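Visitor: my questions are about this predicted structure, shown below with the sequence.
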Amino acid sequence: MINAADTAAPLLEVNRLTVDIDVDGEIRHILNGVSFTLKAGEALGLVGESGSGKSMTVKAIDRLLPRGARQGGSIRFRGRDIATFKGSEARRYCSEVAMVFQDPRVAINPVRKIGDFMTEAIVTNGGVSRREANRRAVDMLARLRIPDGARRLEQYPHELSGGLLQRVMIASTLLTEPKLLLADEPTTALDVSTQAEIMLILNDLRRDLGLAVIFITHDLELAGAICDGLAVMYAGEIVEQGPHVYEAPRHPYTVELMAARPDIERRVKRLPVLTYNLERHRALTAGVPAAAGEEQRR
Ligand SMILES: Nc1ncnc2c1ncn2[C@@H]1O[C@H](COP(=O)(O)OP(=O)(O)OP(=O)(O)O)[C@@H](O)[C@H]1O
């Protein structure tokens, strides 16, 4: 559990979650008793090797399990079992929990304008006028450090770079004012510098908006740097979790995972990129020019 000393009620409680899937008559145990809690505004990094069950865990939270999957245990949101949500409660839950996917180009309709895509949910389900929806979209784009939002709303996805499009996706997700963001490797498809920038922006937003976030990532450094705690998954179970996992891993699997990180030379090379982005990001936030030399490093 994260911040066990803190007594605020959890926003999300995942308790002994199991998921079994029938594959050609053979039952596969995908999740074997996953438990963790998350409070409003907290960020949890869900890490572990490929196939360990990270995506399946967030799919269960998002009520998007594959057909034929059987779920056990419970997932509680604000103290209530999400399996009991029906009708308007289910719709409310859908708008309070949002997912950001790995590759924005897979999740966006290529023939629709960015503005139509971004505002659809709040116009159709939220009863917001198109004019007001466009205003909110431009505001949200600005929060994601995308200037000239009105022009962006008129563009099509192919006119935007991958990094810009992922920021548009995040902005669009946040328009429904979710309380929990599920980010399944949101920057994997992007280059390292854009990855760091997006993660920093997301991290600032979660503080500003009091958003709880589950980051699925293979990047232990980034997760360790921005999350309140890590949960390490192996073969459908969480083998270790807490606020000090990154600095002081105890489980042999976590120790192995840490040892398998990119070699030290690569990490040291990467540090200036992170520092650079942090400086640039702070400068942008404060509305002053970025540090000298930035252009050379771009
Ligand atoms: N629809 C499905 N039917 C059967 N098995 C599945 C299905 N989807 C996923 N699995 C299996 O469930 C296990 C967990 O998959 P999951 O996608 O959650 O892993 P992951 O930790 O997110 O991996 P990655 O980092 O590669 O995304 C894997 O063994 C995967 O093969």
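Guide: The structure has been received and is ready for your questions.
Visitor: give the helix, strand or coil label for the residue lying closest to residue 251 once chain neighbours are set aside.
Guide: On the basis of CB to CB, 6 or more residues apart in numbering, the spatially nearest residue to residue 251 that is not a chain neighbour turns out to be residue 240, at 4.0 Å. C-beta here means a position set from N, CA and C on the backbone, and glycine is covered the same way. Classification of residue 240 using DSSP: H, G, I helix; E, B strand; the rest coil returns strand.
Visitor: isn't residue 240 right next to residue 255, touching?
Guide: No: shown here, residue 240 and residue 255 do not form a contact pair, counting by CB atoms under 8 Å, at 9.6 Å.
Visitor: neighbour-wise, which of the two wins?
Guide: Neighbours were tallied for residue 240 and for residue 255 using other CB atoms under 10 Å; the higher tally belongs to residue 240 (19 against 12).
Visitor: is the more buried one bridged to anything, and to what?
Guide: When bridges are called by DSSP bridges, residue 240 pairs up with residue 232.
Visitor: ok, it - contacts?
Guide: Shown in contact with residue 240 (CB atoms under 8 Å, 6 or more residues apart in numbering): 230, 231, 232, 249, 250, 251, 253, 254.
Visitor: can I see the domain layout of this structure?
Guide: Structurally, the chain divides into domains by automatic domain parsing as follows: 12-261, 263-298.
Visitor: and the longest one, average pLDDT?
Guide: When pLDDT is averaged along domain 12-261, the result is 90.
Visitor: what does the protein put close to the ligand?
Guide: Within reach of the ligand by CB under 6 Å from any ligand atom, the chain has these residues: 21, 23, 28, 30, 48, 50-56, 66.
Visitor: I'd like the residues you listed laid out as CSV, including distance to residue 122.
Guide: Supplementary listing: the residues of the chain next to the ligand in CSV, determined by distance: CB to CB, whole Å:
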residue, distance to residue 122
21, 34
23, 39
28, 39
30, 34
48, 35
50, 35
51, 36
52, 35
53, 33
54, 29
55, 27
56, 29
66, 29
